[in-house]
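Asker: could you look at this predicted model? Sequence included:
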Number of protein chains: 2
Amino acid sequence: MSSTRDIDALIEMMAKLPGLGPRSARRAVLHLIRKRALLLSPLADLMQEVAATARECINCGNIGTSDICDICAAEKRANGELCVVEDVADLWAMERAGGFKGRYHVLGGTLSALDAIGPEDLRIPKLIDRVSSEGITEVILALNATVDGQTTAHYIADQLENRVRLTSLAQGVPIGGELDYLDDGTISAALKARKDI
Amino acid sequence: MSSTRDIDALIEMMAKLPGLGPRSARRAVLHLIRKRALLLSPLADLMQEVAATARECINCGNIGTSDICDICAAEKRANGELCVVEDVADLWAMERAGGFKGRYHVLGGTLSALDAIGPEDLRIPKLIDRVSSEGITEVILALNATVDGQTTAHYIADQLENRVRLTSLAQGVPIGGELDYLDDGTISAALKARKDI
């Protein structure tokens, strides 16, 4: 008679994933076990495959399956525009939104005095290198609109001043947003940046 | 240059798990890839192990790693008490709560005229067999307090009437529950079942 300790261990591991807790991990594992031939086994294979092949792009920090990611490898994306994001998730969000045809640079976080994260802990030196070596004409600072994100944007802007065109994402009312549910800062930013119709 | 289609496929599969959606699946997969040696690879191994060993207990329907689950195999749990639950998740919840020393019987759902689920689609015939063959003296109907759960409880009670002691879980105010947030049905059930202090 074998025990159920593998199942318990699987639930425990799943429960540590972001967005899952013990209860949802149990539900997910039960679901997987019920469909083990169809779901659990292929999922395990896929995870093993990704574990073996996934790596960070040595150029931009994106996650892909080769040392140079698909975006950095695509010649036609070398249009002189470089979009700086905090995290791979932000890069993916920009790609899903579409519309940007240049390349990215993933910082891997934000400057933070509290957590003692300085420019060397992020990919800021690499960013400055790339601006020269890749003939970048415009750096779009697509950092989160948080205090740390904006501090980091200011720091990068200081470093690159007069060397390249610097832009940031527009701030305003989100598409589908209701004024009544927006914070005051967003509304006043949207008012300041108002446009003629 | 290889593509990122394995990563996309992994996100898509994870997004189909109960409790996860596309956004949380992306977050979880990024987290797993960042810690691929420590997390993704062991998780994949564990899933493969569980996929190979997990099975339903042929006696009670619990999920374990052998044909007869640990609870059915434990001699000391043959105390004549049989707890009937809808789902393996409910069995696990009862076990976590502790206090029950008998065996379980997992129905695998509830009777439902709407979804055309009859007694033969659940493990009800097997339950009736077990009551005789295992010398059960008390059947505890621990079914959910939903319409379908209670319909199923009534049906089982009809089948087993006069053959065995039939009980159900007490209904009342949950521990830590605030009256103001409880539904009227629960409050009136708790009032009807009030106890002397």
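Answerer: Structure received. Residues are numbered from 1 along each chain as shown, chains lettered A, B, ... in the order given.

Asker: pLDDT weak spots in chain A?
Answerer: Under the criterion pLDDT under 70, the flagged ranges of chain A are A:1-3.

Asker: 50 - rerun?
Answerer: Along chain A, the model assigns pLDDT under 50 to residues A:1-2.

Asker: please enumerate the strands of it.
Answerer: Listed in chain order, the strands of chain A (DSSP state E) span A:55-56, A:63-64, A:81-85, A:103-106, A:138-141, A:165-168.

Asker: so for B:Arg36, which of those strands sits nearest?
Answerer: strand A:55-56 (8.8 Å; CB to CB). Every residue, glycine included, has its C-beta placed from N, CA and C.

Asker: now do that closest one: distance to the chain's middle.
Answerer: Here strand A:55-56 is found 13 Å from its chain centre; the criterion is CA atoms, centre = their mean, to the nearest Å.

Asker: could you do stretch A:143-152 as well?
Answerer: For stretch A:143-152, the distance to the chain centre is 14 Å (CA atoms, centre = their mean).

Asker: what do you get for stretch A:10-24?
Answerer: Worked out by CA atoms, centre = their mean, stretch A:10-24 lies 22 Å from the chain centre.

Asker: out of the strands of chain A, deepest packed?
Answerer: strand A:103-106 (a mean of 26; mean count of other CB atoms under 10 Å in any protein chain shown).

Asker: related to what we said a few turns ago, mind checking the strands of chain A for the one nearest to chain B?
Answerer: Ranking the strands of chain A by proximity to chain B (CB to the nearest CB) places strand A:63-64 first, at 5.0 Å.

Asker: neighbouring strands - and their directions - for the closest one?
Answerer: strand A:55-56 (antiparallel) (DSSP bridges).

Asker: one step back: can I get the strands of chain A in TSV with distance to B:Cys83?
Answerer: Shown next, in TSV, are the strands of chain A (distance: least, CB to CB, whole Å):
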stretch	distance to B:Cys83
strand A:55-56	50
strand A:63-64	47
strand A:81-85	53
strand A:103-106	53
strand A:138-141	60
strand A:165-168	61
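
Asker: which one of these lies closest to A:Ala73?
Answerer: strand A:63-64 (8.9 Å).

Asker: so what's the nearest residue to A:Thr110 once chain neighbours are set aside up against?
Answerer: Leaving aside its sequence neighbours, A:Thr110 sits nearest to A:Asp148 (CB to CB, 6 or more residues apart in numbering or on different chains; 3.9 Å). A:Asp148 is in contact with A:Thr110, A:Leu111, A:Ser112, counting by CB atoms under 8 Å, 6 or more residues apart in numbering or on different chains.

Asker: what residues are up against the first one?
Answerer: Translated: A:Thr110. Contacts of A:Thr110 by CB under 8 Å, 6+ apart are A:Glu86, A:Ile117, A:Leu122, A:Leu143, A:Asn144, A:Thr146, A:Asp148, A:Gly149, A:Thr151, A:Thr152.

Asker: if we use 6 Å, what do you get?
Answerer: When contacts are counted by CB atoms under 6 Å, 6 or more residues apart in numbering or on different chains, A:Thr110 touches A:Glu86, A:Asp148, A:Gly149, A:Thr152.

Asker: show me just the buried residues among the residues you listed.
Answerer: Of the members of the contacts of A:Thr110, the ones counted as buried by neighbours, 16 or more other CB atoms under 10 Å in any protein chain shown, are A:Glu86, A:Asp148, A:Gly149, A:Thr152.

Asker: which members of the residues you listed are positioned in helices?
Answerer: A:Asp148, A:Gly149, A:Thr152 (DSSP state H).

Asker: of these, just say which sits nearest to chain B.
Answerer: A:Gly149 (17.8 Å).

Asker: next one: the closest one from A:Val85, what distance?
Answerer: Look at A:Gly149 and A:Val85: by CB to CB, to the nearest Å, they are 10 Å apart.

Asker: could you list the domains of chain A?
Answerer: The record, using automatic domain parsing to delimit domains, assigns chain A the ranges A:5-53, A:63-168.
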